[in-house]
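Trainee: Whatever this is, show me its structure:
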Amino acid sequence: MLNSQRQLWRSVMLGLAIAMAGCHAASAQDITLQITVQNHQFSPSELRAPANKPIVMVIKNNDATPMEFESVSLRVEKIIAAKGQGSVRVRALSPGRYEFFDDFNQSTRGALLVQ
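Mentor: The predicted structure follows:
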């Protein structure tokens, strides 16, 4: 490998490392909330989070069927496999009540209270 190619490769790797470090620092500010689905019910059915902070919702599906975590007000939807887990990132929110549901079983409902 030529010296100029080696330098270019090092520059690219350094740039990636800096970019990844920046992403990690931003995610350290996220609020992480855990929610479980069992017997087609969210537990807890009501979550609380502070206003103006990004949120990561980790959804664990303990049911034997897949579910689709969806919220119109949060602008998210995610299919979670049976006995699987997934997460959704939510932008920083203003205070309010944000409802969510399982689109495959619409009686499964919950809410996020942002204060």
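
Trainee: so what pLDDT did the spatially most central residue of the chain get?
Mentor: In the chain, the residue lying closest to the centroid (C-alpha atoms, centre = their mean) is Val88, at 2.3 Å. Per-residue pLDDT puts Val88 at 97.

Trainee: Contact partners for it?
Mentor: Contacts for Val88 were tallied using C-beta atoms under 8 Å, 6 or more residues apart in numbering; they are Val56, Met57, Ile59, Phe69, Leu74, Val76, Lys78. Bear in mind the C-beta positions are built from the backbone N, C-alpha and C, glycine included.

Trainee: Could you verify my assumption that the first one touches Val90?
Mentor: Yes - in this structure Val56 lies within contact range of Val90 using C-beta atoms under 8 Å: 7.4 Å.

Trainee: To what extent is the residue nearest to Ala64 when sequence neighbours are not counted buried, counted in neighbours?
Mentor: If the residues on either side of it in the chain are set aside, Ala64 comes closest to Ala82, at 5.3 Å by C-beta to C-beta, 6 or more residues apart in numbering. Neighbours of Ala82 under the rule other C-beta atoms under 10 Å: 11.
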